[in-house]
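Asker: Whatever this is, show me its structure:
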Amino acid sequence: MERIRLEDTPRSDTFRQLHDTEELEQLRRYKDFTTIDWIQDSILERNRRLRASRDIQTSLRDAQGGINPPWAKAQIQKLIATGQSWFVVSLVGACIGLNAALISIITEWLSDLKMGYCVDGWWLNQQFCCWEIDGEEESACASWRTWSAYSPGRYLVYVLLAMLFSLISAHLVDSFAKYAAGSGISEIKCIISGFVMKGYLGFSTLAIKSLTLPLVIASGLNVGKEGPSVHVACCVGNVVARMFSRFSRSQGKMREILTAASAAGVAVAFGSPIGGVMFSIEEMSHTFSIKTMWRSFFCALAATGTLSAMNPFRTGKLVLFQVTYDRDWHFFEIIFFVIIGIFGGLYGVLVIKFNLQVAAFRRKHLVGYGVEEAVFLATITAVVSYFNRFLRIDMSESLGILFKECEGGGDYNNLCQSWAQWPMANSLFLATLVRTVLVILSYGCKVPAGIFVPSMAIGATFGRMIGIIVKAMYTTYPTSSFFSSCRPDVPCITPGTYALLGAAAALSGIMRITVTVVVIMFELTGALTYILPTMIVILVTKAVGDCFGGGRGIADEMIHFNGYPYLERDEHSFNIPVSGVMQKELHTMSVTGMTLHEVEDKLEHTTVQGFPIVSADPQRTLIGHIGRTELIYAIGKARRAQDIHPSTLCNFEPPSADDSGSHDTAVDTDVVRELAGVEEDDHAGITPLAASADIIHFGPWVNQTPLCVGPQLPLEIVTDLFNRMGPRVILVEYHGSLVGLITVKDVLRFMASREHAHSTTGSVWDNPGELDALLEEAWLWAGNLWRKIVTMSRRIVRR
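Answerer: Now for the predicted structure:
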């Protein structure tokens, strides 16, 4: 049957190439809430390298002895591509550092604004207003004025400003960028693994989250800006990188940029560039190559360098709670380090459990009340926190105070005075309990909300309390053999180090990260001697957390709670073959004999992202696989090339060797056609489609080598294939015949059902717990009270 190839239609090559390039740009855009096929993306990237290597391999000299233009062009393009990658990484890092500096400056000003204002300049926070005053007392600085001379007046302004800040931030998020709410780490982990969430890393999300983050922190809500800093950093990376076609057309390169940006986000949040790189390795990325590590390191370096140059606090510190220790620790303190580690593990278990119950309650009752919830939580937090010296101030400032050494480190409201040690310990204990409850209720509300620094603040108050108790024991029994290693001329106990270890324990307990926390704490203090105590604390924290709560941190639990298609890297033991989990009822395309009407009917009545191609005989021999997007694009291309009707036959047979050889001599054209079937442009000489009024040939779009496994292959191996190679779908064949297919969602569905079957209580959020029942009762009581108020008001109005 005669076929008319598209390149034989009467239009110029230039027009054809530009037209195809524009259309294929649409083809490369993945649909929202779908997964990226990393194998296909790798093939496309390989094809680009093949075309580039073809040009580079051309001879230096032409026939006349001059410089060969294709060779010179290829060398220049190679040089530009190499330099462009590092330029983009540097630009992303610099923008992240600049953004972090501005957020820190605005946050400090807004936080101090709740307490008072500077008469020398309204734009100055308390630190800059009283820069020349060396003292901690409020009365020592005449330029700083409180809002009222009376305590009730100051209290009222404090609460009202907290309400105002939370109202503005929640309203902006609800109106302009709903994706700006929350921490973002869970979603970014899924995006880096290949889950598409359009708009989550867009410019509007970046702008709103950067604008509202200082307002949220200043409102006093017990949420942090360090988790959202990772989201903001990835937004910066996405926005900047998409300005360059080298990155925008390659999902693999975008993944490298996002991983590097996440490292830079943690680096500027904690002033810890190496810790940021370790975080991206340990927590964020499934596959972490040496090249990605270098990019992450360079991006973190650029970000922290920019932040250091901005010097937002004018102290040389990158973060407020950066400290330096020059004292050693004693072996008898290991007992207390273990206690702190146990606290960190239990804290993580309890907060994760109860926060998920709050999240379930929020999903059930508060979906349409995000703004009201944020204002209510901010009001309750301000009302309660004002009366505790450690809850009233900003959490970063509180960490800086708690981490300080007493001798030479300054005092804060008699924190270091022996006569006030027991009232101070009681205040720290109360702050630990209250902040834990507020974190459980606040994390996950519809404003930018992280949990890093709130957890560190909780651990720091508990650790400082333990440090005060140990110091009191030494003061009471200085000659005891238990303290025999203490020298009389040197302070024996440093409570600030206990606060540091408590912060490390709580952070590790809530996130289930280990090495990253040790590196961050080392970079915060610069004290090599405290690496071993930190490792001991983290080890105990992890052991307690794994024993009582499993190995998932709160970010992984939120992924599980939201149902995102994310496979963890843990080792699994399913003891079941892939045939027990695979989909057996499949939507397939017959290699021959189907009409265009039948193909379009399948596209219209199914939502699957691809179709296996099988033979027309009963054996259903597997021929290949074609993606839904490619098929829709190819049909549209055929309509523009030739008049076709619903009865037109469709042929999915792969192109023969004769067809491949009829085009220009591109590098590995047959291999490219066989592996990919789809390319971004026609420069490689690949025929995209052949069509006539009687037949449409889809062969060039068929992937002839889809990833296939046997039905008896253990499911654990298939899970590893998804994690390591990243295919969208794996086909299951038996002796060449298609018997099923499996996706990541099928594996996750099986894992969820297995978890539910083996658990006596079910999922944390499926079964009401103590807190969930309490919240339900409070909700019913509030609803009844509101109805009574409305009824009473109506009666009064009628009178």
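
Asker: can you list contacts of the strand or helix carrying residue 521?
Answerer: Using DSSP states H and E, residue 521 maps to helix 515-525. For helix 515-525, contacts defined as CB atoms under 8 Å, 6 or more residues apart in numbering pick out 266, 270-275, 278-279, 282-283, 319, 321-325, 500, 503-504, 507-508, 511, 528, 530-531, 534-535, 538. C-betas here are computed from N, CA, C, even on glycine.

Asker: So residue 631 sits against residue 603, correct?
Answerer: Yes. Residue 631 is within contact range of residue 603, at 6.8 Å (criterion: CB atoms under 8 Å).

Asker: ok, the two, which is more surrounded?
Answerer: Counted by other CB atoms under 10 Å, residue 631 and residue 603 do not tie: residue 631 has more neighbours, with 22 against 16.

Asker: Helix, strand, or coil at the more buried one?
Answerer: Following DSSP: H, G, I helix; E, B strand; the rest coil, we place residue 631 in the helix state.

Asker: Do you know the pLDDT at it?
Answerer: At residue 631, the model reports a pLDDT of 88.

Asker: do the same with residue 568
Answerer: At residue 568, the model reports a pLDDT of 81.

Asker: isn't it right next to residue 556, touching?
Answerer: Yes. Counting by CB under 8 Å, residue 568 touches residue 556, with 6.6 Å between them.

Asker: Looking at those two, which is more packed in?
Answerer: Set side by side, residue 568 and residue 556 show more neighbours around residue 556, with 21 against 18, by other CB under 10 Å.

Asker: Return the distance of the more buried one relative to residue 475.
Answerer: In this view, residue 556 and residue 475 are 44 Å apart by CB to CB, to the nearest Å.

Asker: Please apply the same query to residue 644.
Answerer: Between residue 644 and residue 475 the computed distance is 91 Å (CB to CB).

Asker: Same check on residue 751?
Answerer: 54 Å.

Asker: Which one of those two is surrounded by more residues?
Answerer: Legend: neighbour count by other CB under 10 Å for residue 751 and residue 475, higher for residue 751 (18 against 12).

Asker: which secondary structure element contains that one?
Answerer: helix 744-758.

Asker: Sort out which residues of that helix are buried, please.
Answerer: By 16 or more other CB atoms under 10 Å, the buried positions in helix 744-758 come out as 744, 746, 747, 748, 750, 751.

Asker: Does residue 724 touch residue 287 like I think?
Answerer: Yes. Using CB under 8 Å, residue 724 is in contact with residue 287, at 7.1 Å.

Asker: Domain-wise, how is the chain divided?
Answerer: What automatic domain parsing lists as the domains of the chain is 38-53+67-119+140-311, 332-559, 578-743.

Asker: And the ones you listed: which comes nearest residue 793?
Answerer: With CB to CB as the measure, domain 332-559 is the member of the domains of the chain nearest residue 793 (18.8 Å).

Asker: tell me the mean pLDDT for that closest one?
Answerer: 89.

Asker: can you map out the strands along this structure?
Answerer: Using DSSP state E, the strands of the chain run over residues 4-5, 116-118, 144-146, 589-590, 594-595, 610-614, 622-627, 649-651, 690-691, 695-697, 708-709, 729-734, 737-743.

Asker: Partner strands of the third one and their direction?
Answerer: Applying DSSP bridges, strand 144-146 is found paired with strand 116-118 (antiparallel).

Asker: Residues contacting the strand it pairs with, please?
Answerer: By CB under 8 Å, 6+ apart, strand 116-118 touches 124, 125, 126, 128, 129, 143, 144, 145, 146, 147.

Asker: doesn't residue 494 make contact with residue 474?
Answerer: No. The criterion here is CB under 8 Å, and residue 474 misses it with residue 494 at 11.2 Å.

Asker: Looking at those two, which is more packed in?
Answerer: Applying other CB under 10 Å to residue 474 and residue 494 shows that residue 494 carries more neighbours, namely 24 against 17.

Asker: what about the helices in the stretch 201-350 of the chain?
Answerer: 203-219, 226-241, 245-248, 251-270, 273-279, 290-310, 334-365 (DSSP state H, counting those that start in this stretch).

Asker: Select from these the stretch with the lowest mean pLDDT.
Answerer: In terms of mean pLDDT, the lowest-scoring of the helices of the stretch 201-350 of the chain is helix 245-248 (a mean of 83).

Asker: quick check, distance from that helix to the centre of its chain.
Answerer: 21 Å (CA atoms, centre = their mean, to the nearest Å).

Asker: Output that helix as CSV, nothing but the C-alphas.
Answerer: C-alpha atoms of helix 245-248 as CSV (Å, rounded to 0.1, in the frame of the first residue of the first chain):
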residue,chain,number,x,y,z
SER,A,245,16.8,25.1,27.3
ARG,A,246,19.6,22.8,28.3
PHE,A,247,17.8,22.2,31.6
SER,A,248,14.1,22.8,30.7
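
Asker: Tell me the helices and strands packed up against that helix.
Answerer: helix 69-113, helix 251-270 (3 or more CB pairs under 8 Å, 6 or more residues apart in numbering; DSSP states H and E).

Asker: could I get the contacts of strand 116-118 as JSON lines with neighbour count and distance to residue 191?
Answerer: As requested, these are arranged in JSON lines below (neighbours: other CB atoms under 10 Å; distance: CB to CB, whole Å):
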{"residue": "124", "neighbour count": "18", "distance to residue 191": "39"}
{"residue": "125", "neighbour count": "21", "distance to residue 191": "35"}
{"residue": "126", "neighbour count": "22", "distance to residue 191": "39"}
{"residue": "128", "neighbour count": "18", "distance to residue 191": "38"}
{"residue": "129", "neighbour count": "23", "distance to residue 191": "42"}
{"residue": "143", "neighbour count": "17", "distance to residue 191": "47"}
{"residue": "144", "neighbour count": "22", "distance to residue 191": "44"}
{"residue": "145", "neighbour count": "15", "distance to residue 191": "47"}
{"residue": "146", "neighbour count": "15", "distance to residue 191": "45"}
{"residue": "147", "neighbour count": "18", "distance to residue 191": "43"}
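
Asker: And those, which is closest to residue 176?
Answerer: The closest of the contacts of strand 116-118, once distances to residue 176 are taken by CB to CB, is residue 125, at 27.2 Å.

Asker: I figured the closest one was touching residue 115, is that so?
Answerer: No. Contact criterion CB under 8 Å: residue 125 and residue 115 do not qualify, at 9.8 Å.

Asker: picking that back up, compare the helices of the stretch 201-350 of the chain and report which one is nearest to residue 379.
Answerer: Closest among those, using CB to CB: helix 203-219, at 9.4 Å.

Asker: for that closest one, the distance to its chain's centre please.
Answerer: 16 Å.

Asker: now that helix against helix 69-113, angle please.
Answerer: Here helix 203-219 points in a direction 20 degrees away from that of helix 69-113 (axes from the mean of the first three to the mean of the last three CA atoms, to 10 degrees).

Asker: angle of helix 203-219 against helix 226-241?
Answerer: Calculated by the same axes, to 10 degrees, helix 203-219 forms an angle of 160 degrees with helix 226-241.

Asker: CA-only coordinates of helix 203-219 in PDB, if you can.
Answerer: This file holds the C-alpha atoms of helix 203-219, laid out as PDB (Å, rounded to 0.1, in the frame of the first residue of the first chain):
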ATOM      1  CA  PHE A 203       7.200  31.700  40.500                       C
ATOM      2  CA  SER A 204       3.900  32.400  42.300                       C
ATOM      3  CA  THR A 205       4.700  29.800  44.900                       C
ATOM      4  CA  LEU A 206       8.200  31.300  45.300                       C
ATOM      5  CA  ALA A 207       6.900  34.800  45.600                       C
ATOM      6  CA  ILE A 208       4.100  34.100  48.100                       C
ATOM      7  CA  LYS A 209       6.100  31.700  50.200                       C
ATOM      8  CA  SER A 210       9.000  34.200  50.400                       C
ATOM      9  CA  LEU A 211       6.600  37.000  51.400                       C
ATOM     10  CA  THR A 212       4.600  35.100  53.900                       C
ATOM     11  CA  LEU A 213       7.300  33.200  55.600                       C
ATOM     12  CA  PRO A 214       8.600  36.100  57.700                       C
ATOM     13  CA  LEU A 215       5.000  36.900  58.700                       C
ATOM     14  CA  VAL A 216       4.300  33.400  59.800                       C
ATOM     15  CA  ILE A 217       7.500  33.200  62.000                       C
ATOM     16  CA  ALA A 218       6.800  36.700  63.400                       C
ATOM     17  CA  SER A 219       3.200  35.600  64.300                       C
END
